[in-house]
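**Student:** Based on what follows, work out the 3D shape:
(2 chains)
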Number of protein chains: 2
Amino acid sequence: MGRWEPDARGRLERAAMELFVERGFEQTTVTEIAARAGLTQRTFFRHYADKREVLFGGAQILEESLVNSIAGASDSAAPIDVVAAAVVAVGAVMQERREYSRQRQAVIDANPELQERELIKLASLASAMAVALRKRGVSDRAASLTAEAGIAVLKVAFTQWVCQNGPADLPHLMRASFGELKAVTAASAKT
Amino acid sequence: MGRWEPDARGRLERAAMELFVERGFEQTTVTEIAARAGLTQRTFFRHYADKREVLFGGAQILEESLVNSIAGASDSAAPIDVVAAAVVAVGAVMQERREYSRQRQAVIDANPELQERELIKLASLASAMAVALRKRGVSDRAASLTAEAGIAVLKVAFTQWVCQNGPADLPHLMRASFGELKAVTAASAKT
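**Tutor:** Model prediction:
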């Protein structure tokens, strides 16, 4: 990552995404990605273990961000508000990269194996959030349900955001989805 | 499925499950499953496309049950109660097969590929429920959130049920989880 390869990671990511969109994920090789970025294969492998990691390398950062946000929240905050704040904060970061997110989603939607990977990522984010909530003293079941609710909102708001034409504000869509989830569950005639 | 092979499907399923538990899913062959059941490979393939389908063949029935239950619910019922009734009805059927469910879960927990398959199944159940809710006139986002909430409850209650020692009532755990999800979201200080 010397200075003779400025922003190598970003260049590789952009080159990979272009090729995935043009040719499909399966049909794209690491050699082609490196060539498109004007870099060597060796440089590619210094930044990514394989071409799939170009799409999923952000998952670790996402998880850390959610977990740190939950751990650092005020003691008095309700668990659902703690999770909502964590999810909305992540949404604010994603908002800066809508075009990237749209391209990435199109690549994933076209490939069942990548869809599986994405589901695994979401499931592991839910587990990590539940663990972080338990550390705050939230009971087992409430922690799992709150974390799953957070992931449900993330999925639904994200889908709306990437599909919507024209401008769309992900943090706003997330807040609206949390509000709607509350309304939906409150409408129950059961206790 | 002639009368000379009574309950062939059930025998194959029990034989497969025994072998998966004893040796692991990967190490078990269709030949061994058929032999353990006292049946031929040909009979196996009349009932299942492959050994994985022994574990996931019920997914289609599960989906139909959820969708039919949602479609047939009273017009006046709140969407979350429609989903809760559908999920609890499925729980009542599963309750009859707790030992099978525990074994199946142990096999899945031991194999990442099967875990992925299970996540895909749950995601597709959520999509099918959301579609069924939209057909009842529920708005797009509320339908997705309600369906995801139903799957969250199903996951959390099911995990509690299979892990719990001693007797455990899945429909009861599901109802309690829906109640807790309502309490968790209602605790939000935000609108």
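
**Student:** Pull out the buried residues from stretch A:182-191.
**Tutor:** Within stretch A:182-191, the residues that qualify as buried are A:182, A:184-185, A:188, counting by 16 or more other Cβ atoms under 10 Å in any protein chain shown. Heads up, the C-betas are built off the backbone N, CA and C, glycines and all.

**Student:** Figure out how far that stretch is from the centre of its chain.
**Tutor:** Remark: stretch A:182-191 is offset 29 Å from the chain centroid, using Cα atoms, centre = their mean, to the nearest Å.

**Student:** List of residues touching that stretch?
**Tutor:** Contact with stretch A:182-191 is made by A:80, B:77-81, B:84, B:142, B:145-146, B:149, B:175, B:178-179, B:181-182, B:185-186, B:188, as judged by Cβ atoms under 8 Å, 6 or more residues apart in numbering or on different chains.

**Student:** go again using 7 Å as the cut-off
**Tutor:** The contact list for stretch A:182-191 (Cβ atoms under 7 Å, 6 or more residues apart in numbering or on different chains) reads B:78-81, B:84, B:142, B:145-146, B:149, B:179, B:181-182, B:185-186, B:188.

**Student:** Low-confidence ranges, chain A, go.
**Tutor:** A:1-4, A:191 (pLDDT under 70).

**Student:** Run through the residues of it sitting next to chain B.
**Tutor:** Taking Cβ under 7 Å from any Cβ of the partner chain, the part of chain A that reaches chain B is made up of A:78-81, A:84, A:116, A:119-120, A:123, A:141-142, A:144-146, A:148-149, A:152, A:155-156, A:160, A:177, A:179-182, A:184-191.

**Student:** Domain map for chain A?
**Tutor:** A:8-54, A:58-186 (automatic domain parsing).

**Student:** I'd like those domains laid out as JSON lines, including distance to residue B:73.
**Tutor:** Formatted as JSON lines, the domains of chain A follow (distance: least, Cβ to Cβ, whole Å):
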{"stretch": "domain A:8-54", "distance to residue B:73": "41"}
{"stretch": "domain A:58-186", "distance to residue B:73": "15"}
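
**Student:** Residue B:53: which of these is closest?
**Tutor:** Residue B:53 lies closest, by Cβ to Cβ, to one member of the domains of chain A: domain A:58-186, at 17.1 Å.

**Student:** quick one, helices of chain A?
**Tutor:** A:8-23, A:30-37, A:41-47, A:51-56, A:59-71, A:79-95, A:98-109, A:112-135, A:140-163, A:170-186 (DSSP state H).

**Student:** returning to that earlier point: show me which of the domains of chain A has the highest average neighbour count.
**Tutor:** Of the domains of chain A, the one with the most neighbours on average (mean count of other Cβ atoms under 10 Å in any protein chain shown) is domain A:58-186, at a mean of 19.

**Student:** Give me the distance between the two termini of that one.
**Tutor:** 35 Å (Cα to Cα, to the nearest Å).

**Student:** Now find how far off-centre that domain is within its chain.
**Tutor:** Here domain A:58-186 shows a centroid-to-chain-centroid distance of 7 Å under the convention Cα atoms, centre = their mean.

**Student:** what's the answer for stretch A:6-22, then?
**Tutor:** 18 Å.

**Student:** Please enumerate residues in contact with it?
**Tutor:** Counting by Cβ under 7 Å, 6+ apart, residues outside stretch A:6-22 touching it are A:1, A:28, A:32-33, A:36-37, A:39, A:43-44, A:47-48, A:51, A:54, A:100, A:103-104, A:106-107.

**Student:** ditto for stretch A:131-139
**Tutor:** By Cβ under 7 Å, 6+ apart, stretch A:131-139 touches A:67, A:70-71, A:79, A:140, A:143, A:146-147.

**Student:** Distance check, residue A:71 against chain B.
**Tutor:** Per Cβ to the nearest Cβ, to the nearest Å, residue A:71 is found 19 Å from chain B.

**Student:** Would you mind measuring from the closest residue to that residue other than its chain neighbours to residue A:125?
**Tutor:** Nearest residue to residue A:71, sequence neighbours excluded (Cβ to Cβ, 6 or more residues apart in numbering or on different chains): residue A:132, at 5.7 Å. Noted for residue A:132: a distance of 11 Å to residue A:125, by Cβ to Cβ, to the nearest Å.

**Student:** Please apply the same query to residue A:60.
**Tutor:** Distance, residue A:60 to residue A:125, by Cβ to Cβ: 10 Å.

**Student:** Now residue A:78, what are its backbone angles?
**Tutor:** The phi/psi pair for residue A:78 (degrees, to the nearest 10) reads phi -70, psi 140.
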